[in-house]
Every structure is written in structure tokens, then in C-alpha cells.
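Asks: fold the following for me, if possible:
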Amino acid sequence: MRPITDTEFARFQQFIFEQAGITLSSAKQALVSGRLGKRLTAHQLESFGDYFQMLASGQHPDEVQAAVDLLTTNETYFFRETKHFDFLRQQALLARQRGSNFRVWSAASSSGEEAYSVAMVLADCLEGGPWEILGTDISTHVLQQATRALYSMERARHVPSEFLRRYCLKGEGDYAGRLLIVPELRRRVRFGQLNLNEALPEIGSFDFVLLRNVMIYFNDDTKRSVVQRVSSVLKPGGHFCVGHSETLNNLGHRLEQVAPSIYRRPS
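Replies: Model (predicted):
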């Protein structure tokens with residue numbers, strides 16, 4: 001297998017931008033080579049140019065999805081950026097007082113840790129009240145992991161001990177060092193594939209949306225489109241969370257900032 005060339009890398013930069021809206025910097029060339037190299041081996045191809053032609057032929061949609069999966073998978077863990085979950089609890093308790101159904105969208109849910117963290121909070125503070133969670137991602141691979149709900153204990157290092165006891169099953173034997181989300185919680189979370197750079201399907205409206213640590217990979221034009229699309233399904237008074245290293249400044253939206261990385265749609 002020949003090393004990836006600058007020209008080949010540029011083609012994959014354009015590929016993942018067109019597929020997922022992600023802008024890859026030149027610093028990601030080694031990452032692209034490492035992640036896609038295994039697909040060249042699997043197909044017995046000699047160059048990244050040959051692999052790109054395979055993707056561009058239109059004859060291998062499953063391989064296109066495999067490449068997208070490899071280039072969009074990012075690290076995540078339970079209760080990442082805990083202040084958002086404290087704020088979520090406050091909003092859920094207000095919904096409990098109103099008796100209204102509380103809907104949350106984890107819009108870049110990856111392998112499901114974020115969505116299940118939300119589920120633990122809602123199960124704790126809403127008890128038997130009405131609530132729903134939708135988790136979506138462009139990668140089918142991570143969605144399969146999310147549906148399985150089996151994780152290493154390392155990813156659960158920020159889960160409160162009480163939540164570990166109530167909502168997680170500790171693995172034994174071949175599953176030592178892993179945990180499984182309890183079935184009653186898994187049933188409350190629905191996962192599906194969704195590309196944020198395309199028109200949204202009919203998914204209803206939400207009280208709380210998390211779109212965290214994904215827009216850092218988008219250019220400004222893509223950010224504007226995605227924020228407009230995602231915020232359009234926020235209920236009046238609903239809240240929108242981005243990652244702590246992200247901002248919605250200068251993106252032409254109508255949301256009000258209520259705390260660092262937390263925005264609200266005016267009533």
C-alpha cells in the first residue's frame with residue numbers, strides 16, 4: 001500500500017465535506033491514512049487513489065458509509081461537560097411541575113453515552129412522568145454501538161455512583177470491565193441515522209437539544225445552516241447546548257444565550 005499523497009488527501013477532504021459537512025485540516029492527513037488504510041487492505045487496493053475511485057463510482061454505497069463511519073467517529077464518554085446535565089435537570093423539573101412531556105434530542109449522539117446520560121437524569125428527576133429521547137448520528141457504526149448499550153467502565157468514570165447502581169449492570173466473566181445500560185432505560189431512548197447537513201425528517205419538536213463538540217469540524221457556512229436547521233425544531237422556550245469550546249456567535253441565529261454554551265429559543 002502506497003502512502004497517501006497530498007492530492008489523494010485533498011480528495012478525501014472534499015469527500016467528507018460533501019458527505020458530512022466536516023472540514024478536515026491538513027493536520028488530519030495521518031488520521032485519514034490510518035483510518036482508511038484498513039479499507040485498502042480489506043479490498044486489496046494499492047493506493048488511496050484507487051480507494052477514492054471505488055467510493056466515487058456510485059457502485060459501493062455500503063463502502064461509502066464505511067468510510068464516513070471511519071472519518072466521523074470521535075471520542076465520547078458519559079456525563080461529558082457536567083454543567084449541561086445540571087442545567088438539564090433544572091429544566092426537566094420545571095417540566096415536571098407543568099406536567100408536560102419532555103423531549104430531548106442528542107443530535108450528534110455518537111455511540112450513545114450522551115443520550116444515556118440524559119436518560120439517567122430524566123429517569124431520576126421525572127420518575128414515571130412523560131419523557132422521550134432521540135439520539136441521531138451520521139455514522140451507522142456508532143449507532144449500532146449505541147443500540148447495544150455495552151461500554152467499557154473507563155467511559156463511565158464520571159457517572160454518579162448512585163446512577164451506576166440503578167441504571168447500569170456490571171459485567172462479569174468475559175464482560176469484566178464493562179457495563180450494560182439496564183433494559184428499562186434502553187427502551188426510553190430511540191436511535192436513528194440522520195445527516196445534519198440535509199433537510200430534517202419529521203422528528204417533532206424538542207424541549208432540549210444537545211449538539212456538542214461537532215461544529216468545531218464545520219466551516220462557518222455549514223455551522224449557520226446546521227444551527228438554523230436544528231434550532232427550527234426547538235419548542236419556544238426550549239434550550240440548545242453546544243460544546244464548551246464552541247459558540248454560536250456571528251452565525252445569524254435568533255437564540256438567546258443564557259449561560260456559557262447554552263442558548264434559548266425565545267418564547
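
Asks: longest helix in this protein, please.
Replies: Looking across the chain with DSSP state H, the single longest helix is helix 82-98.

Asks: contacts for whichever helix or strand comes after that one?
Replies: Counting by DSSP states H and E, the next helix or strand C-terminal to helix 82-98 is strand 102-106. Strand 102-106 has contacts (Cβ atoms under 8 Å, 6 or more residues apart in numbering) with 88, 91-92, 95-96, 114-115, 118, 122, 126, 129-136, 203-210, 233. Any C-beta I mention is one placed from the backbone N, CA and C, and that applies to glycine too.

Asks: go through strand 102-106 and flag the buried ones.
Replies: Neighbour-count burial for strand 102-106 flags 102-106 (criterion: 16 or more other Cβ atoms under 10 Å).

Asks: quick check: the two most widely separated of those?
Replies: 102 and 106 (13.7 Å; Cβ to Cβ).

Asks: in space, what's closest to the residue most central in space within the chain - neighbours in sequence excluded?
Replies: Nearest to the mean C-alpha position of the chain, counting by Cα atoms, centre = their mean, stands residue 108 at 2.1 Å. In this structure, residue 108 finds its nearest non-sequential neighbour in residue 214, 4.2 Å apart by Cβ to Cβ, 6 or more residues apart in numbering.

Asks: can you get me a residue count around that neighbour?
Replies: With neighbours defined by other Cβ atoms under 10 Å, the count for residue 214 comes to 24.

Asks: now swap in residue 257 and tell me
Replies: A total of 13 residues lie near residue 257 under the criterion other Cβ under 10 Å.

Asks: how about the helices in the chain?
Replies: Ranges of helices within the chain are 6-20, 29-42, 48-56, 61-72, 82-98, 113-126, 140-148, 161-167, 183-186, 220-231, based on DSSP H.

Asks: identify each buried residue in the shortest one, please.
Replies: Of the residues in helix 183-186, those scored as buried under the neighbour-count criterion (16+ other Cβ under 10 Å) are 185-186.

Asks: so what secondary structure elements neighbour that helix?
Replies: Packing partners of helix 183-186 (3 or more Cβ pairs under 8 Å, 6 or more residues apart in numbering; DSSP states H and E): helix 113-126.

Asks: pull the residues that contact the helix it packs on.
Replies: Contacts for helix 113-126 (Cβ under 8 Å, 6+ apart): 76-80, 85, 88-89, 92-93, 95-96, 102, 104, 106, 109, 131, 133, 135, 146, 149, 151, 155, 159, 163, 166-167, 181, 185, 188-189, 191, 210, 212.

Asks: how's the protein carved up into domains?
Replies: Domain assignment for the chain by automatic domain parsing gives 6-72, 82-264.
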